[in-house]
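Enquirer: Here is the input, now give the coordinates:
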Amino acid sequence: MIGRVRTAARAAVLLAAVGVFAFGNTAPAAAQDSNYPSRPVTMIVPFAAGGSSDVIARAVAEQMGAPLGQTIVNENVGGAGGSIALARAARAEPDGYTIVIGNAGTNAATYTIYPKLSFTPESFVPIAMVAKTFGVVALKKEFPANNVQEFIAYAKKNPGKINLGHAGVGSSNYLICKAFVQAAGVDVALVGYRGAGPALTDLIGGQIDGVCDAATSVSQAIQDKLVKGLVIGSTKRLSTLPDVPTSAEAGIPEFEAQGWNGLFAPKGTPPAIIAKINAAARKAVAGEAVQKRLKDLSSVAPDEAEQTPEGLQQVVTRDVAKFRVLLQEK
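Expert: Okay, the predicted model is just below:
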């Protein structure tokens, strides 16, 4: 009897030890989740400063800090249409301290453009969509065309001689260029930069003929008459750019360029942390400061469903398929 008691006691001790070994990290992990964030969070921006993604990232990050109780630090990592930044984000620790702001280019089209990437759509966990944007084609002031039909006529007389700048192959701005060129049926050269900001700077300086950009970053230059807006890939004119015609008004209704910006975290980031970041992002987007900033930038806030992780995932899945078709067309 005594032997049985001793055996049972040993078994209980052994089971307890196994339990500690197997589940000993559960409490600390849960504690880490509940204490998150205990230090600043880095938001990687896949392009140079000054572009639409950068401007939106800074506006949202500034307002996310308060509900999270920590500073959100923006870090610009340009190159390869955003894929360098996405690769870095995918390798980051899935602890919520590194997130990335992406768009239809970096998180959807890039998988067709760069088929041998070190990351896949499954490398990221969607957090929230934070802005919806509209693509614009703008020209340098001296360009000898003032509307789309004049542009098309000039381009057909000068095939391959017009150059349009964008934020790099794989960026959302590159997709705007591709959609515009296909809809217009013209042969132009597409020039990639490390971000929309440098491309716009060169356009203002007259080094290139035009840019494909989000209204978010190019609208101020159009308003200041530093460049001239040619067309917007939207179904209605923007209040901030009342003189820029829609694609239908310009005679190329096939030109659609409505984009988005969303936040993502590395695969494996705990759901509790994703929920905290999502709540902070939604509070920021709903706030007066971001609402005003988005309006000033010729952008709009996503609807409630699009601000959920599930809503953003649906948009990513849709766009991966859409751009696979677009980018394979000649």
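Enquirer: List the residues that contact the closest residue in space to residue 258 that isn't next to it in sequence.
Expert: Nearest non-adjacent residue to residue 258, counting by CB to CB, 6 or more residues apart in numbering: residue 134, 5.8 Å away. Where you see a C-beta, it was placed from the backbone N, CA and C, and this is true even at glycine. For residue 134, the contact set (CB atoms under 8 Å, 6 or more residues apart in numbering) comprises 214, 215, 232, 233, 234, 238, 257, 258, 259, 298, 299.
Enquirer: which residues sit in contact with the last one?
Expert: If I follow you right, that is residue 299. By CB under 8 Å, 6+ apart, the residues touching residue 299 are 52, 56, 131, 132, 133, 134, 214, 215, 216.
Enquirer: picking up where we left off before, can you pick the most crowded of the contacts of residue 134?
Expert: Highest neighbour count within the contacts of residue 134: residue 214, with 33 neighbours (other CB atoms under 10 Å).
Enquirer: does residue 248 really touch residue 236, like I thought?
Expert: No: here residue 248 lies out of contact with residue 236, judged by CB atoms under 8 Å, at a distance of 9.4 Å.
Enquirer: ok, the two, which is more surrounded?
Expert: The residue with more neighbours, out of residue 248 and residue 236, is residue 248; 14 against 10, by other CB under 10 Å.
Enquirer: Helix, strand or coil: sort out the more buried one for me.
Expert: Under DSSP: H, G, I helix; E, B strand; the rest coil, residue 248 falls in the coil class.
Enquirer: Am I right that residue 100 is in a strand?
Expert: Yes: counting by three-state DSSP, one finds residue 100 located in a strand.
Enquirer: tally of neighbours for it?
Expert: Other residues close to residue 100 by other CB under 10 Å number 29.
Enquirer: For it, list each beta-bridge partner.
Expert: residue 44, residue 264 (DSSP bridges).
Enquirer: Check residue 126 too.
Expert: Here residue 126 sits in beta bridges with residue 264, going by DSSP bridges.
Enquirer: just to revisit the earlier point, and the residue nearest to residue 258, which of the three is it?
Expert: Per three-state DSSP, the secondary structure class of residue 134 is strand.
Enquirer: which residue ranges form the helices in the stretch 101-250 of the chain?
Expert: Secondary structure of the stretch 101-250 of the chain, counting by DSSP state H, counting those that start in this stretch: helices at 110-113, 148-157, 172-184, 196-204, 215-223.
Enquirer: Redo the ones you listed as a markdown table? Include distance to residue 282.
Expert: What follows is the helices of the stretch 101-250 of the chain, written out as a markdown table (distance: least, CB to CB, whole Å):
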| stretch | distance to residue 282 |
| --- | --- |
| helix 110-113 | 26 |
| helix 148-157 | 38 |
| helix 172-184 | 22 |
| helix 196-204 | 26 |
| helix 215-223 | 20 |
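Enquirer: Out of these, which is the most enclosed?
Expert: For the helices of the stretch 101-250 of the chain, the stretch with the most neighbours on average is helix 172-184, a mean of 25; neighbours defined as mean count of other CB atoms under 10 Å.
Enquirer: Check which helices and strands it sits against.
Expert: Where contact means 3 or more CB pairs under 8 Å, 6 or more residues apart in numbering; DSSP states H and E, helix 172-184 is packed against helix 52-68, strand 124-140, helix 148-157, strand 163-166, strand 189-192, strand 210-214, strand 258-266, helix 309-326.
Enquirer: so which of those is the most packed in?
Expert: The highest average neighbour count among these, using mean count of other CB under 10 Å, belongs to strand 210-214 at a mean of 31.
Enquirer: and the angle for that strand with helix 52-68?
Expert: Strand 210-214 runs at 20 degrees relative to helix 52-68, counting by axes from the mean of the first three to the mean of the last three CA atoms, to 10 degrees.
Enquirer: Looking at the residue nearest to residue 258 now. What's its pLDDT?
Expert: Each residue has a pLDDT score; the one for residue 134 is 93.
Enquirer: cool, residue 298 as well?
Expert: 88.
Enquirer: got the phi/psi numbers for it?
Expert: phi 60, psi 40 (degrees, to the nearest 10).
Enquirer: From what I see, it and residue 216 are in contact.
Expert: Yes: assessed by CB under 8 Å, residue 298 is found in contact with residue 216 at 6.1 Å.
Enquirer: Residue 163 and residue 212: what is the separation?
Expert: 11 Å (CB to CB, to the nearest Å).
Enquirer: should've said residue 309
Expert: Taking CB to CB as the criterion, residue 309 is separated from residue 212 by 29 Å.
Enquirer: for residue 119, same thing?
Expert: In terms of CB to CB, residue 119 sits 25 Å off from residue 212.
Enquirer: can you check residue 33 too?
Expert: Using CB to CB, residue 33 is found at 42 Å from residue 212.
Enquirer: One more: residue 303?
Expert: Residue 303 is 26 Å from residue 212, by CB to CB.
Enquirer: Likewise for residue 152?
Expert: Residue 152 is 15 Å from residue 212, where distance means CB to CB.
Enquirer: now do residue 246
Expert: Residue 246 sits 16 Å away from residue 212, going by CB to CB.
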